[in-house]
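[1] with the input below, show me the fold.
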Amino acid sequence: MRRIHRTPRDWVADLALFLFAACFAALSAPSVPVPADLDPLWRDVDQVIGGLGCAAVLLRRRWPVPLAVAVLLAGTQAHYLVGPTMVAVFTVAATRPWRVTAWVVALAFAPLPVFLWRLAELPEDHASSALTYFALIAGAIGWGLFRRSRRQLIASLRERAELAEAGAELRAEWARRQTREEIAREMHDVLGHRLSLLSVHAGALEFNPGASAEEIARAAGVIRESAHLAMRDLREVIGVLRAGPEEGGRPQPELADLARLVAEARATGGRIELTGPPEGPVPPPAVGRTAYRIVQEALTNARKHAPGAAVAVEVTGNPAGRLAVEVRNTPPPGPVPGGDDDGSRSGGGRGDGGRGGGGGQGLIGLAERARLTGGALTAGPADGGFRVRAWLPWPATETEAEAEAVAVTGRE
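    All right, here's what the predicted structure looks like:
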C-alpha cells in the first residue's frame, strides 16, 4: 500500500475540507428534496452514508480518483453527499492529469443531459436543487483547475529561478576562468621575456668558460638586471591580484614602448631590425598593448628556438585602417635547441608550430589576444625561418574623422 506522508499543513487542509463537507451536509440537509414516502430506516441509512462520505474525504490524497468515482455513483441514490462530492472532484481537478480529470468530469456531468431533457416534468424544488448541484460541482472543478494552474506556474517560476541561478553561477565561473587565463597570459608575457634573457646569458657563461673578464662582467650585469626586472614585474602582477580591479593595475605597455623592448633584446646580442611604429596618431591602448605583446612573444620565441638568427620587426598602419605587425627571423646559425637530428635550423619544422616544447601556447594566447581586439594572427615557417604576422583594427578617432570630413568637403 502506498504510504502518504502528510505534513502539518496537509493535515490542516484535510481537516478543513472534512469540516467543510460535514458542515455543508448539515446546513443543506433541510433543503434536500427527500421523497416524503421514504422509509425512516432508509432515511437513517442515507444520513449514515452522508457521514461516511464526509469521513472518506480524509482519504482524498491516497485514492483521489476512486473516492471521486465512489461518491459520484453513490450520490445518484444518496442525498447527503454533495459536500464530499465537491471535495473529491476538486482534489481530482487539482492533482490528477488532464486525461483523468476529463473522465471524472464526464462522469460527474453524465446525468445532465437526462436532467435537461426531463426538466419540464420535474417539480420546481427538484429542478432548483439539481441546478444548484451541477453549479456547485462545476465550481469545485473550476477551483481545482485554478489551483493546479497556480501550482504549475509557481513550479515553473521556481524552475526558472533555479535555472537563472545556475546560469549566473556558470557565468561567474566563466568570468573566473577568463580572469585566470588573462592572468596566465600576463605572467607568460611579462616573465617569459625576462627569463629568456637570463637563459641566454647564463648559457653563454656556461658554454664559454674562457670569456674575458669584461664579457663575464657584462653578462653578469645583464643577468642581474634581468632578474631585478623580472622580480619587479612579478611583484607588480601580484600586487594587481591583491588589490583587485577596482584599485587600478600596473602600467601597461604601449606601442611606443617597442623601441625600449627591442633595445633590451639588442643588449643581449640579438640582431634585431625595427621598422616603425608609424609616427603621428597612436592606436587605442588595447590595440597598442596587443601589438607590443605580439612582438615581445615573437622575440622571446626567436631567442629561445632560433638563437643567433637575425630578426626583423615591422609595424605599419594608419588610423581608420589596420595596424600590421610582422616579426620574422632567418634560420639560426646553429642547431635548433631541442630540434631533431636531421639538423632542422628553421625553428619551424616542429609539429607544435615551430616553437619547441612549449606546445605553442604563447602563440595560441597571442592569437586569442588578436581575436579579442577584432584582428587575426598567423604564424608558421617562412623562407627557412619563422614568421609571425598579425593585423589589428585601428579605428579613427573623432578628431581624425572630423578632419577627413572637412577634407572631403573641401574637395567637393
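[2] for the stretch 301-412 of the chain, which segments count as strands?
    310-317, 321-329, 376-382, 385-394 (DSSP state E, counting those that start in this stretch).
[3] among these, which comes closest to L363?
    With Cβ to Cβ as the measure, strand 376-382 is the member of those nearest L363 (5.1 Å). (Glycine included, C-beta is placed from N, CA and C.)
[4] that closest one pairs with which strands?
    strand 385-394 (antiparallel) (DSSP bridges).
[5] okay, angle between the partner strand and strand 310-317 too, please.
    20 degrees (axes from the mean of the first three to the mean of the last three Cα atoms, to 10 degrees).
[6] can I get the strands of the stretch 301-412 of the chain in CSV including mean pLDDT?
    Converted to CSV, the strands of the stretch 301-412 of the chain look like this (pLDDT from 0 to 100):
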stretch, mean pLDDT
strand 310-317, 94
strand 321-329, 94
strand 376-382, 93
strand 385-394, 94
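[7] among the ones you listed, which is nearest R266?
    The closest approach between R266 and any of those, judged by Cβ to Cβ, belongs to strand 310-317 at 9.9 Å.
[8] for that closest one, packing partners?
    helix 258-267, strand 271-275, helix 285-305, strand 321-329 (3 or more Cβ pairs under 8 Å, 6 or more residues apart in numbering; DSSP states H and E).
[9] now for the first one, which elements pack on it?
    Right, the one you point to is helix 258-267. Contact partners of helix 258-267 among helices and strands, from 3+ Cβ pairs under 8 Å, 6+ apart: helix 124-207, strand 271-275, helix 285-305, strand 310-317.
[10] and these: which comes nearest A367?
    That would be helix 285-305 among the helices and strands packed on helix 258-267, by Cβ to Cβ, at 9.6 Å.
[11] pLDDT on the closest one, on average?
    Mean pLDDT, helix 285-305: 89.
[12] flag every buried residue along that helix.
    For helix 285-305, burial by neighbour count (16 or more other Cβ atoms under 10 Å) applies to 287-305.
[13] in TSV, list the strands of the stretch 301-412 of the chain along with distance to E169 and mean neighbour count.
    Converted to TSV, these look like this (distance: least, Cβ to Cβ, whole Å; neighbours: other Cβ atoms under 10 Å):
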stretch	distance to E169	mean neighbour count
strand 310-317	42	19
strand 321-329	38	22
strand 376-382	33	16
strand 385-394	34	22
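[14] nearest to W98 among those strands would be which one?
    Comparing the strands of the stretch 301-412 of the chain by Cβ to Cβ, strand 376-382 comes nearest, at 56.1 Å.
[15] on that earlier part again, so can I have a markdown table of the strands of the stretch 301-412 of the chain showing distance to P209?
    Formatted as a markdown table, these follow (distance: least, Cβ to Cβ, whole Å):
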| stretch | distance to P209 |
| --- | --- |
| strand 310-317 | 27 |
| strand 321-329 | 28 |
| strand 376-382 | 35 |
| strand 385-394 | 30 |
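[16] could you check the ones you listed and tell me which one is nearest L258?
    strand 310-317 (6.7 Å).
[17] and that closest one, how far out from the chain's middle?
    Once both centres are worked out by Cα atoms, centre = their mean, to the nearest Å, strand 310-317 turns out to sit 40 Å from its chain's centre.
[18] quick one, that strand and strand 321-329 angle?
    180 degrees.
[19] residue contacts, V105?
    V89, A93, I141 (Cβ atoms under 8 Å, 6 or more residues apart in numbering).
[20] shaky segments in the stretch 201-350 of the chain?
    By pLDDT under 70, the low-scoring segments of the stretch 201-350 of the chain are 236-251, 335-350.
[21] highest mean neighbour count out of the helices and strands packed on helix 258-267?
    Greatest average neighbour count among those goes to helix 285-305 (a mean of 24), per mean count of other Cβ atoms under 10 Å.
[22] and the angle for that helix with strand 321-329?
    Using the same axes, to 10 degrees, helix 285-305 lies at 10 degrees relative to strand 321-329.
[23] turn the contacts of V105 into TSV, including distance to A175 and pLDDT.
    Below are the contacts of V105 laid out as TSV (distance: Cβ to Cβ, whole Å; pLDDT from 0 to 100):
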residue	distance to A175	pLDDT
V89	53	91
A93	47	90
I141	51	91
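[24] which member of those is positioned nearest V282?
    A93 (72.6 Å).
[25] and the closest one, how far from E182?
    57 Å (Cβ to Cβ, to the nearest Å).
[26] repeat for L299
    To E182, L299 is 21 Å away according to Cβ to Cβ.
[27] circling back to that earlier point, could the helices and strands packed on helix 258-267 go into a markdown table alongside distance to L372?
    Formatted as a markdown table, the helices and strands packed on helix 258-267 follow (distance: least, Cβ to Cβ, whole Å):
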| stretch | distance to L372 |
| --- | --- |
| helix 124-207 | 10 |
| strand 271-275 | 25 |
| helix 285-305 | 8 |
| strand 310-317 | 18 |
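[28] for V327, find the nearest of the ones you listed.
    helix 285-305 (3.6 Å).
[29] could you dump that closest one to CSV, C-alpha only?
    Provided in CSV are the C-alpha atoms of helix 285-305 (Å, rounded to 0.1, in the frame of the first residue of the first chain):
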residue,chain,number,x,y,z
PRO,A,285,45.6,51.4,-25.8
ALA,A,286,44.2,47.9,-26.2
VAL,A,287,45.5,47.7,-29.8
GLY,A,288,48.9,49.1,-29.0
ARG,A,289,49.3,46.7,-26.0
THR,A,290,48.3,43.7,-28.1
ALA,A,291,50.9,44.7,-30.8
TYR,A,292,53.5,45.1,-28.1
ARG,A,293,52.8,41.6,-26.6
ILE,A,294,52.9,40.1,-30.1
VAL,A,295,56.4,41.5,-30.7
GLN,A,296,57.5,40.6,-27.2
GLU,A,297,56.4,36.9,-27.6
ALA,A,298,57.9,36.7,-31.1
LEU,A,299,61.3,38.0,-29.9
THR,A,300,61.2,35.6,-26.9
ASN,A,301,60.5,32.6,-29.1
ALA,A,302,63.1,33.6,-31.6
ARG,A,303,65.7,33.9,-28.8
LYS,A,304,64.7,30.5,-27.4
HIS,A,305,64.3,28.5,-30.5
